[in-house]
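Trainee: Turn this into a model:
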Amino acid sequence: METAQAEEPRSFVLVARRNSSLSARGRKVVLGSFFVVALAISLAFALHGAWLILPFTGMELAVLYLAFRAMAQRAGDFESISIDGDRVLIEQWERGRVNRHEFSRYWARVVFEPSVPGKGNVLAVRSHGREIEFGRHLTDQQRWEVARTLKQELRHIS
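Mentor: Predicted coordinates for the structure are as follows:
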């Protein structure tokens, strides 16, 4: 989670990113290591007569590759919320596509629902019947802190 004050007076920007602990290079190294170890073990078994392990190892490695590929596609996803002048802009980047939602600062309200079954806390910005959820990449504690910060920022009118 990154917060920044822009150069203009009372501009506010908050960015929420996924917790991606491996870089692209790190993912390749880990996946390559899995491939080498799994193939070495399965070849050793195949040489001792258990050749049927090879197709299952191949399927296992294919599923692992698909999981790592899905993880890589989502690694760059993030959400941002900016308050600039009389507008609130929420951008949600997912798999290279962006959804932008703009609200009037004067009408925007922060909604925080402490414990929704199956989802945890829910943080959203609401105005004129529209509600956009924010903070999918944040923990419950971080959502609560962001809700408190957003409420304060919406009250400060330049």
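Trainee: Scan this structure for its longest helix.
Mentor: Using DSSP state H, we find that the single longest helix of the chain is helix 24-47.
Trainee: Now do the most centrally placed residue in the chain against Met71, distance only.
Mentor: Most central in the chain under C-alpha atoms, centre = their mean is Arg18, positioned 3.4 Å from the mean C-alpha point. Arg18 sits 10 Å away from Met71, taking C-beta to C-beta, to the nearest Å as the criterion. For glycine as for every other residue, the C-beta is placed from the backbone atoms N, C-alpha and C.
Trainee: Pull stretch 108-117 out as CSV, backbone CA atoms only.
Mentor: Taking Å, rounded to 0.1, in the frame of the first residue of the first chain, the C-alpha atoms of stretch 108-117 are listed here in CSV:
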residue,chain,number,x,y,z
ALA,A,108,-18.7,10.5,-2.3
ARG,A,109,-19.1,8.5,1.0
VAL,A,110,-16.7,5.9,2.3
VAL,A,111,-18.6,2.7,3.3
PHE,A,112,-16.9,0.2,5.7
GLU,A,113,-18.7,-3.0,6.7
PRO,A,114,-16.7,-4.7,9.4
SER,A,115,-17.3,-8.3,8.8
VAL,A,116,-19.1,-9.7,5.8
PRO,A,117,-19.3,-13.5,5.9
